[in-house]
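> after the sequence you'll find the predicted model.
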Amino acid sequence: MRTGEPLPAVGEVLATLATGVWHWDTATGLVTADAEAARLLGLPPEETVLTEAQTRARLHPVDWNEITGIVQLAAAEGTLAEVRIRIMDERGRIVRVVRSRSRPSFDPLKKAYELIGTLQEVTEPRPGTPAGRTAVTGDWRRSREAFLLDAGRALAEARSTEEVLRVAGGLSMPGFSPDGLAVFGVTGDRLTIIGHHGQQPGDEDPFTQMSLGTDYPAAEVVRTGRAVYLSSPDQYRTRYPLTWPLAARFDRHSWAFLPLTVAGRTMGAWMAGFAYPVAFTPDERSVLTTVARMLAQALTRASAAETQRELTDGLQRSMLPTLGPEIPGMTLAARYIPTGGGLQVGGDWYDMIPLPNQRFALVIGDVQGHDVRAAGLMGQLRIALRAYAAEGHRPDAVLSRASRFLYGLTHTDDAGADGDLRFATCLYIEVDPATGLLETARAGHLDPAIRLADGTVLLRATAGGLPLGIDPDSDYPTTRLALEPGEALMMSTDGLLETGGHDLDSGWQRVRGILENHEGGLEELADALVQAVHGPSSHHTTGPFADRREDDIALLLVCRQCEGGIGLGATAPARPAVRRSVLTIAQAEPERVAEARRQLRELLHDWPSADQVDSAVLLVSEMLTNVLVHTDADALLLAEVTGVGPGGRRIRVKVTDTSDDLPHKRRPGELASSGRGLVLIELLADAWGVAPRGEGKSIWFELYETPDAADPAPLPDEVDHTPRPDQTDQTDQRDPG
């Protein structure tokens with residue numbers, strides 16, 4: 001070229017130097033190569049566009065991993081990305097080695113990398129030779145740094161020994177990767193195999209329970225704490241002639257045995273075997289040593305976590321009872337799921353206590369805290385409850401005595417000085433299998449839920465007192481419930497509702513959907529509840545719920561069987577078409593009128609006419625308020641839905657009290673503040689009446705479901721409007737139609 005002549009095009013210069021140009025955009029996933037770059041990749045020498053998958057198929061898998069690591073590191077440092085790449089043919093053979101140089105850039109909006117670089121063929125050194133480890137492109141040290149960062153992250157995230165071994169088996173070291181791994185532990189004076197990769201099951205048998213005095217590399221590493229590198233079979237055979245036959249059958253060419261050391265103590269050894277000769281240069285030894293240190297730390301963390309989980313689970317389960325023998329007419333199921341992570345021993349428990357006269361008690365509770373003290377208090381409290389119940393005390397007396405017992409345990413001088421005052425929530429239900437009668441006492445715990453025979457789920461509001469251990473003189477009123485044939489009752493701790501970051505309201509809606517839609521038996525229902533709520537915790541997921549620490553889950557289910565021993569999920573006999581809700585409202589509990597309204601709405605959740613539902617709720621509120629205002633007695637509410645739909649059901653609501661004063665229908669003036677109760681019932685109910693009894697009275701009303709909620713139809717012919725014998729009314733008003 002003469003002075004003053006124009007310079008040739010860049011493409012001509014690169015082609016003359018046998019250098020190709022390529023462009024890679026991770027946002028589109030496309031790689032563009034000019035003619036020379038395509039030739040170096042083993043393709044026809046013409047400009048081409050490849051997908052990432054097509055490009056990756058032309059490269060050695062280890063080199064592809066190096067590329068991704070080096071690109072990220074170079075983009076972060078703002079430097080060139082240099083890497084040596086082995087090009088493979090369709091049969092997996094290496095056809096050439098090329099050097100790639102590029103300057104990657106990262107787009108934070110697209111979250112993608114863009115690279116423009118060059119490819120140039122280089123001479124491939126023999127594997128394992130010093131030249132093979134001398135950075136042909138000057139990028140090996142950077143590749144090593146990227147690999148160690150990735151390996152450290154993966155090992156730090158492993159939570160169990162199995163995960164640690166799986167991560168170790170998948171490590172692709174820069175420029176050389178072992179085809180077989182083994183991790184040795186120490187028990188007494190013998191080697192054990194913690195895990196291995198790259199060998200067949202059973203291959204580890206000759207190395208199991210090997211004495212530390214054996215002439216074997218791993219045993220020497222454990223004895224001395226120094227690594228052993230064997231670059232060839234001859235070295236292995238010469239140095240360890242006695243155990244060479246054990247290693248010869250694996251047909252490997254190089255071995256590295258490194259100590260697994262934590263806090264100055266050698267806890268085992270790590271073996272890496274190579275199918276080709278490795279010289280073990282200082283750089284290679286540095287990588288292997290660093291990986292061994294990270295592996296030792298990861299195994300120690302995983303072992304400690306597994307030991308703590310085993311201790312936690314074993315301690316907790318040792319305190320939980322079995323449900324005992326089968327109970328005639330009843331089916332029971334229970335589950336306990338401890339919280340994960342560390343020595344988090346919880347205070348949740350459940351129990352089933354046999355009582356005289358074929359009765360039994362179900363107990364579920366939660367002691368405050370997640371530590372060994374909570375578990376100890378739980379065990380003591382559970383024993384105390386069993387003792388008080390066995391003495392024949394009623395549910396309210398059992399909880400009162402248990403509260404005084406826990407108060408005495410936690411309010412000692414030592415506990416008070418440490419500020420470690422504890423309380424416990426508890427739900428105690430005495431069950432009569434013959435009648436299905438439930439006598440319930442509650443100490444700050446969740447209310448029980450009942451799944452009716454037709455699948456409707458109701459949250460049964462029960463009277464309750466303070467959690468156990470707060471006030472030694474607390475009272476715990478008793479609430480009576482009835483479990484009909486085919487119905488199931490659920491008792492649980494708050495962990496069932498709040499797991500996954502839910503609050504009590506959203507958690508109940510989730511659990512309620514599972515209860516309503518379940519079609520299997522009681523054991524299957526227990527599994528479905530646990531599996532549905534015990535997924536990924538809120539620590540590892542994003543969403544609308546607040547993050548919280550996961551809690552234990554205790555769950556008790558009891559189902560009253562139908563005739564013939566048919567329980568939940570059975571197909572025959574048919575489920576009875578009856579829904580029933582019973583609620584007692586004391587004079588001192590006017591706030592429970594709102595609970596009565598809520599329960600009635602739940603009972604009518606599938607009633608087609610919203611106006612009739614509103615009417616029923618209004619009349620219930622009026623009837624209960626009249627009892628509380630105009631008498632000195634408590635009110636008993638009984639609501640029943642009978643018949644089959646659509647159009648064939650009726651809702652009957654009855655409020656009973658012990659007062660003999662009968663209501664009278666009046667015509668109040670415009671300014672009157674009362675006297676409209678019976679007028680409302682007459683206007684809104686399809687049938688109603690007042691029934692005097694020996695002591696007290698009952699006032700009732702009925703609403704009939706219409707085939708078309710928007711166009712009410714006449715009363716069904718099959719409905720009997722004649723009052724029943726126990727409903728002889730002093731006042732009996734019916735719909736004029």
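Noted; the coordinates are in hand. Residues are numbered from 1 along each chain as shown.
> and stretch 222-242, average pLDDT?
In this model, stretch 222-242 has an average pLDDT of 91.
> again, but for stretch 22-37
89.
> and that stretch, how far out from the chain middle?
Here stretch 22-37 is found 43 Å from its chain centre; the criterion is C-alpha atoms, centre = their mean, to the nearest Å.
> quote the end-to-end distance of that stretch.
7 Å (C-alpha to C-alpha, to the nearest Å).
> contacts made by it with the rest, please.
In this structure, residues lying in contact with stretch 22-37 by C-beta atoms under 8 Å, 6 or more residues apart in numbering are 11, 14-15, 18-21, 41, 43, 45-52, 54-55, 100, 102, 107, 110, 112-119. All C-beta spots, glycine's among them, are computed from the backbone N, C-alpha and C.
> how does it look with 6 Å?
Residues outside stretch 22-37 that contact it (C-beta atoms under 6 Å, 6 or more residues apart in numbering) are 15, 20-21, 45-50, 52, 55, 110, 112-116, 119.
> do stretch 483-495 as well
The contact list for stretch 483-495 (C-beta under 6 Å, 6+ apart) reads 348, 364, 366, 427, 436, 438, 448-453, 551-560, 562, 568, 575.
> among those, which are in helices?
Assignment to helices by DSSP state H places none of the contacts of stretch 483-495 there.
> sorry, back to before: buried subset of the contacts of stretch 22-37, written for PyMOL?
Selection of buried members from the contacts of stretch 22-37 for PyMOL, criterion 16 or more other C-beta atoms under 10 Å:
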select buried, resi 15+20+21+48+50+55+113+114+115+119
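> show me the contacts of stretch 22-37 that map onto strands.
Under the assignment DSSP state E, those contribute 20-21, 48-50, 112-116, 119 to strands.
> just curious, which of these is nearest to residue 90?
When the ones in strands among the contacts of stretch 22-37 are ranked by distance to residue 90 (C-beta to C-beta), residue 50 comes first, at 15.1 Å.
> without its sequence neighbours, what residue ends up closest to the closest one?
residue 31 (4.7 Å; C-beta to C-beta, 6 or more residues apart in numbering).
> please name the bridge partners of that neighbour.
On the basis of DSSP bridges, residue 31 is bridged to residue 24, residue 50.
> what does residue 118 give?
Beta bridges link residue 118 to residue 21, residue 101 when assigned by DSSP bridges.
> how about the contacts made by it?
Counting by C-beta under 6 Å, 6+ apart, residue 118 makes contact with 19, 21, 101.
> turn the residues you listed into TSV, including distance to residue 691.
Putting the contacts of residue 118 into TSV (distance: C-beta to C-beta, whole Å) gives the following:
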residue	distance to residue 691
19	103
21	97
101	97
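> stretch 89-98: which residues count as buried?
96-98.
> in strands, which of those fall?
Under the assignment DSSP E, the buried residues of stretch 89-98 contribute 96-98 to strands.
> so, low pLDDT: which residues of the stretch 101-250 of the chain?
Low-confidence segments of the stretch 101-250 of the chain, defined by pLDDT under 70: 123-146, 172, 174-176.
> still on that earlier bit, which of the buried residues of stretch 89-98 sits closest to residue 195?
Distance to residue 195 across the buried residues of stretch 89-98 (C-beta to C-beta) is lowest for residue 97, with 34.5 Å.
> gap between that closest one and residue 377?
With distances taken as C-beta to C-beta, to the nearest Å, residue 97 is found 69 Å from residue 377.
> kindly report the same for residue 67.
As judged by C-beta to C-beta, residue 67 and residue 377 stand 58 Å apart.
> and what of residue 490?
Taking C-beta to C-beta, one finds residue 490 at 25 Å from residue 377.
> residue 98 too?
From residue 98 to residue 377 the distance is 69 Å (C-beta to C-beta).
> residue 205 too?
In terms of C-beta to C-beta, residue 205 sits 48 Å off from residue 377.
> neighbour-wise, which of those two wins?
Neighbour count, other C-beta atoms under 10 Å: between residue 205 and residue 377, residue 377 has more, with 22 against 9.
> ok, then the element right after the strand or helix carrying that one?
Assigned by DSSP states H and E, residue 377 belongs to helix 372-390. Using DSSP H and E, the next helix or strand after helix 372-390 towards the C-terminus is helix 395-410.
> which residues sit in contact with the closest residue in space to residue 478 that isn't next to it in sequence?
Counting by C-beta to C-beta, 6+ apart, residue 396 is the residue found nearest to residue 478 once chain neighbours are left out, at 5.0 Å. Listed by C-beta under 6 Å, 6+ apart, the contact set of residue 396 reads 441, 476, 478.
> quick one: which of these sit in strands?
441, 478.
> which one of the contacts of residue 396 has the most neighbours?
Counting by other C-beta under 10 Å, top hit in the contacts of residue 396: residue 441 with 27 neighbours.
> any idea what it is bridged to?
Residues in a beta bridge with residue 441, per DSSP bridges, are residue 428, residue 478.
> in terms of contact, does it touch residue 474 like I think?
No - using C-beta atoms under 6 Å, residue 441 makes no contact with residue 474, being 10.9 Å away.
> show me the shaky parts of the stretch 601-737 of the chain.
645-646, 664-676, 707-737.
> ok, which stretches of the stretch 201-350 of the chain are helices?
Assigned by DSSP state H, counting those that start in this stretch, the stretch 201-350 of the chain shows helices spanning 217-224, 233-239, 244-248, 282-318.
> would you mark the buried spots in the longest one?
By neighbour count, and taking 16+ other C-beta under 10 Å as the criterion, the buried residues in helix 282-318 are 283-284, 287-288, 290-303, 305, 309, 312, 315-316.
> now swap in the shortest one and tell me
Taking 16+ other C-beta under 10 Å as the neighbour-count basis, helix 244-248 is seen to contain the buried residues residue 247.
> identify the residues contacting it?
Outside helix 244-248, the residues that touch it by C-beta under 6 Å, 6+ apart are 206, 236-237.
> what distance separates that helix from the centre of its chain?
A distance of 47 Å separates the C-alpha centroid of helix 244-248 from that of its chain, computed with C-alpha atoms, centre = their mean.
> alpha carbons of it, in PDB - could you do that?
The C-alpha coordinates for helix 244-248 follow below in PDB (Å, rounded to 0.1, in the frame of the first residue of the first chain):
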ATOM      1  CA  TRP A 244      -5.100 -49.000  43.300                       C
ATOM      2  CA  PRO A 245      -7.200 -52.000  42.100                       C
ATOM      3  CA  LEU A 246     -10.200 -50.400  43.700                       C
ATOM      4  CA  ALA A 247      -9.700 -47.200  41.600                       C
ATOM      5  CA  ALA A 248      -8.500 -48.800  38.400                       C
END
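> how many neighbours does the nearest residue to residue 285 once chain neighbours are set aside have?
Closest residue to residue 285 apart from its sequence neighbours, by C-beta to C-beta, 6+ apart: residue 229 at 6.9 Å. Using other C-beta under 10 Å, residue 229 has 18 neighbouring residues.
> which strand residues bridge residue 229?
Counting by DSSP bridges, residue 229 is bridged to residue 256.
> relative to residue 258, how far out is it?
On the measure of C-beta to C-beta, residue 229 and residue 258 end up 9 Å apart.
> could you do residue 404 as well?
62 Å.
> cool, and residue 596?
Residue 596 is 73 Å from residue 258, where distance means C-beta to C-beta.
> now do the phi/psi pair for the residue nearest to residue 208 when sequence neighbours are not counted.
Computed as C-beta to C-beta, 6+ apart, the closest residue to residue 208 that is not its neighbour in sequence is residue 193, at 5.4 Å. In terms of degrees, to the nearest 10, the main-chain angles of residue 193 are phi -100, psi 110.
> one more: residue 682?
phi -60, psi -40.
> residue contacts, residue 607?
residue 613.
> helix/strand/coil for residue 63?
helix (DSSP: H, G, I helix; E, B strand; the rest coil).
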